[in-house]
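Chemist: the following comprises the amino acid sequence and a computationally predicted model.
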Amino acid sequence: MNTIRSLYVASIKEFMRDRAAIIWTLAFPLIFIVLFGVIFNGNGGAPNYTVGLINQDNGPYGTALVSAFKKYAASFKFETGSLDAELNKLKQGQTDMVIVIPADTSQKIAQKQTATVQMYDDPSKGQSDSQIKQSIVQAVMQGFSDSLPGTVTPLALQTNSILTHKYTYVDFLVPGILAMALMQLGLFGTATPLVTLRQEQVLRRLGATPLPRWHLLASQVLMRLTIALVQTGLILALSVWVFKVQIQGSILAVLGLVVLGAVAFVSLGYLVAAISKTVDAANGITSAVNFPMMFLSGIFFPLAALPIFLTPIVRALPLTYLGDALRQVLTGGTPAFPIWLDLAVLAAWTLVCSLVAVRLFKWE
Amino acid sequence: MSNESWAIVAEDLRKTYGQTKAVDGISLKVAEGEIFGMLGPNGAGKSTTIEMIEGLRTADSGTITVLGLRQPRDARAIKMRIGIQLQTTALYPRLTVTELLDLFHTFYPGRTTIPTDQLIEMVDLGEKRTTRSKNLSGGQRQRLSVALALVNDADLVFLDEPTTGMDPQARRQLWDVIRDLQRRGKTILLTTHYLEEAEELCDRVAIIDHGRIIEMGSPEELVHRYFNEIAISFRDPAGGDAYRTLEGVTHVSTEDGRVTLYSSDVPHTMAGLLSQQNGGGVGTALRDLSVHNATLEDVFLKLTGRALRD
């Protein structure tokens, strides 16, 4: 389609010649990665943890150790199941940790040998998070050991990561920043320019030609998808080369998610443009939408670090799901939600936003 | 004339915004090859009328035929064949003159368009071809927006105040472009704030006020319909009383030693004036003699009670 191509080229040129737009769209996310990746090394907060506690020991010490955990680890909520089931829950993000008291515990303690308790953890929720959990477990075990007679340390702790690679904060951060960049492309990169085109009567002038409106729409969406892919390329290049992030999933799956996310947020941008009469109004609305999304969607900090009363808001924000999906696919992070739910929520947002935008959008 | 010879036939157009009747029963026909002007104060309803004819707005009632096609049913086919210049057009600000014209060419697939270079030459933007549109002056932008309206070699061109913001030289140049379009058989519908422009260019004009056409005809017709006399003025310190009896003079006014005779028969009045001079009968020499018509401006003032540029 000649028209779509020429409009597409025109809008790309417009974008490339707008220095402010380039800085905000392309450089801003990179600056965030550098800033947070270098300065920040995790996050605080000791929320309530759900812990799978599995006692494979039939002797007295295993039972005693279970009671000790239940008594002293006050911030842990315990549940029991088979090892496979509990590890699976941990991988799904439904629990925070699995502790296994091995079958030979009582026997070894009785023989004055050291029994090793296994702890399974998901470091993708943040390193300090892991350290907090580990120190609580160790404190309980220490107290338990001290209550036993003898000089040999009866218990040791071995921590296991359920992830196959070392998961760093940057691994957590990069998918989030990518999601944020796509959101901002949809908001600042779509709503404001579109309202400007309408306010400056460019849309009106184009409407005075035989140009079908969907050609304009198609060229605009294609142009934004292009920018989204360039953004993705830059973000991934910086992450891989400078921060040594390992991309776990397939690049195709990542690109598929990027396209879905971009389409979802571009349609949100169209919705904002549809309800904004002026450029100022569009700027106000985009900022008002951008801010809570940036800080309540688990972009910089794990969702677990947020106070529980914010959960309904967190679950209402589409960026939560894009961030979660990208984190699962890109760096093999632990899901906050099943991937199908992430995809379904994004698809639903796209559908609802575009339907409402089509109904409300005024060309002049 | 048969229906095909009319570029525009609009019948009983009406458009109401809230309580305001923006267009209140306008009917007009524009012949093919004609330059037709719409004059009227701001808010008179001319823009709404033009935009309904262009297909940018829908009329509440009334019928519109453009180039034999029906509005709004054939809106896209009509847009393919007409050229529209809007009053305020900010375009993609960071595209250059050439890029914008090239872009607009692609909007008219299957139609023979005027090459960008030729368009640039027509509106004399040759030195600005690589300038981004936001860096053009007001007049240059105006010329670009006229060029954009001509891209598809339109059969019917709508120009909404095309020379606003142009210096006199640029304005005259655009007048040449418009006349040239007419020579090539195009029809032009224009609005203007400059009555001398209407007088210079238009075959016919419609004066619009309060959503209605209050007068329509060629500029000469209109002037003659409202002002039969022609003014002859000159200096004479002795005053004008001695000229009252000259043939054709209907009224004499004297102001600061300047005498103005309103004559319904200029040749006889002038002949009488000259023979008086030759006979040395009255006054001194006819200093600062001038003869001028009443203008469209006078007609406009008389009909609307307002000057056009208010």
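Modeler: Cool, the structure landed.
Chemist: poorly predicted segments of the stretch 201-310 of chain B, please.
Modeler: Residue ranges of the stretch 201-310 of chain B with pLDDT under 70: B:277-285, B:298, B:301-302, B:304-310.
Chemist: hey, where'd the strands end up in it?
Modeler: Assigned by DSSP state E, counting those that start in this stretch, the stretch 201-310 of chain B shows strands spanning B:204-209, B:212-217, B:230-235, B:249-255, B:258-263, B:287-292.
Chemist: and residue B:155, its phi and psi?
Modeler: phi -80, psi -30 (degrees, to the nearest 10).
Chemist: ok, it - contacts?
Modeler: B:7, B:67, B:81, B:82, B:186, B:187 (CB atoms under 8 Å, 6 or more residues apart in numbering or on different chains). For the C-beta atoms, the positions are set from N, CA and C on the backbone; glycine is no exception.
Chemist: if we go to 7 Å?
Modeler: Applying CB atoms under 7 Å, 6 or more residues apart in numbering or on different chains to residue B:155 gives the contacts B:67, B:81, B:186, B:187.
Chemist: didn't the third one look like it was pressed against residue B:153?
Modeler: No - in this structure residue B:186 lies outside contact range of residue B:153 using CB atoms under 7 Å: 8.5 Å.
Chemist: between the two, which one's more packed in?
Modeler: The residue with more neighbours, out of residue B:186 and residue B:153, is residue B:186; 21 against 18, by other CB atoms under 10 Å in any protein chain shown.
Chemist: distance of that one relative to residue B:202?
Modeler: As judged by CB to CB, to the nearest Å, residue B:186 and residue B:202 stand 14 Å apart.
Chemist: where helices are concerned, which of the contacts of residue B:155 count?
Modeler: Using DSSP state H, the members of the contacts of residue B:155 that fall within helices are residue B:81.
Chemist: with the contacts of residue B:155 in mind, which one is nearest to chain A?
Modeler: Chain A lies nearest to residue B:81 out of the contacts of residue B:155, by CB to the nearest CB, at 9.0 Å.
Chemist: give me every residue that touches that closest one.
Modeler: B:67, B:154, B:155, B:156.
Chemist: which of these has the most neighbours?
Modeler: Among the contacts of residue B:81, residue B:154 has more neighbours than the rest - 24 neighbours, counting by other CB under 10 Å.
Chemist: secondary structure class of the nearest residue to that one once chain neighbours are set aside, three-state.
Modeler: Spatially, and ignoring its direct neighbours in sequence, residue B:154 is nearest to residue B:83 (3.3 Å; CB to CB, 6 or more residues apart in numbering or on different chains). Secondary structure, DSSP: H, G, I helix; E, B strand; the rest coil: residue B:83 is strand.
Chemist: the closest residue to residue B:185 other than its chain neighbours - how many residues pack around it?
Modeler: On the basis of CB to CB, 6+ apart, the spatially nearest residue to residue B:185 that is not a chain neighbour turns out to be residue B:33, at 5.7 Å. Using other CB under 10 Å, residue B:33 has 17 neighbouring residues.
Chemist: residue A:364 too?
Modeler: 11.
Chemist: and the helix or strand hosting residue A:283, what's buried?
Modeler: Following DSSP states H and E, one finds residue A:283 within helix A:279-296. For helix A:279-296, the neighbour count (16 or more other CB atoms under 10 Å in any protein chain shown) marks A:279, A:282, A:283, A:285, A:286, A:289, A:290, A:293, A:294, A:296 as buried.
Chemist: out of those, which is nearest to residue A:337?
Modeler: residue A:296 (15.1 Å; CB to CB).
Chemist: surely that closest one is in contact with residue A:316?
Modeler: No - judged on CB under 7 Å, residue A:296 makes no contact with residue A:316 at a distance of 9.3 Å.
Chemist: can you map out the helices along chain B?
Modeler: Using DSSP H, helices in chain B cover B:46-54, B:75-81, B:97-105, B:116-122, B:138-150, B:168-183, B:195-201, B:219-226, B:266-278, B:296-304.
Chemist: the helix of greatest length in chain A close to chain B?
Modeler: The longest helix of chain A (DSSP H) is helix A:213-241. No - on the criterion CB under 7 Å from any CB of the partner chain, helix A:213-241 is out of touch with chain B, staying 8.7 Å away.
Chemist: my read: residue A:68 touches residue A:146, true?
Modeler: No - counting by CB under 7 Å, residue A:68 does not reach residue A:146; the two are 10.7 Å apart.
Chemist: neighbour count: those two, which is higher?
Modeler: residue A:68 (17 against 8).
Chemist: list the contacts for that one?
Modeler: Contacts of residue A:68 (CB under 7 Å, 6+ apart): A:140, A:143, A:144.
Chemist: which of those residues has the most neighbours?
Modeler: Neighbour counts for the contacts of residue A:68 (other CB under 10 Å) peak at residue A:140, which has 22 neighbours.
Chemist: burial check on the nearest residue to residue B:198 once chain neighbours are set aside, number of neighbours?
Modeler: Distance criterion CB to CB, 6+ apart; nearest residue to residue B:198, sequence neighbours excluded, is residue B:37 at 4.4 Å. Counted with other CB under 10 Å, the neighbours of residue B:37 add up to 25.
Chemist: with residue B:244 instead?
Modeler: 11.
Chemist: list the contacts for it?
Modeler: residue B:252.
Chemist: quick one, phi/psi of it?
Modeler: phi -60, psi -30.
Chemist: now the strands for the stretch 51-200 of chain A?
Modeler: A:76-79, A:97-101, A:115-121, A:155-161.
Chemist: want to throw those into CSV with mean neighbour count, mean pLDDT and distance to residue B:208?
Modeler: Below are the strands of the stretch 51-200 of chain A laid out as CSV (neighbours: other CB atoms under 10 Å in any protein chain shown; pLDDT from 0 to 100; distance: least, CB to CB, whole Å):
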stretch, mean neighbour count, mean pLDDT, distance to residue B:208
strand A:76-79, 16, 84, 79
strand A:97-101, 24, 89, 80
strand A:115-121, 20, 88, 80
strand A:155-161, 15, 81, 80
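Chemist: for stretch A:97-107, measure first residue to last.
Modeler: 25 Å (CA to CA, to the nearest Å).
Chemist: now what about it, what contacts it?
Modeler: In contact with stretch A:97-107 (CB under 7 Å, 6+ apart) are residues A:49, A:51-57, A:59-62, A:65, A:83, A:86-87, A:90, A:115-121, A:133, A:137.
Chemist: kindly report the same for stretch A:342-358.
Modeler: A:260-261, A:263-264, A:267-268, A:270-271, A:274, A:318, A:321-322, A:324-325.
Chemist: ok so, going back, export the helices of chain B to TSV and tack on distance to residue B:213?
Modeler: Shown next, in TSV, are the helices of chain B (distance: least, CB to CB, whole Å):
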stretch	distance to residue B:213
helix B:46-54	9
helix B:75-81	22
helix B:97-105	32
helix B:116-122	32
helix B:138-150	24
helix B:168-183	22
helix B:195-201	15
helix B:219-226	12
helix B:266-278	31
helix B:296-304	11
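Chemist: about what we covered before: out of the contacts of residue A:68, who's nearest residue B:276?
Modeler: Looking across the contacts of residue A:68 and measuring by CB to CB, the closest to residue B:276 is residue A:140, at 129.0 Å.
Chemist: which ones are touching the closest one?
Modeler: A:68, A:69, A:72, A:73.
Chemist: and the second one, how many residues sit next to it?
Modeler: Okay, so that is residue A:69. Neighbours of residue A:69 (other CB under 10 Å): 21.
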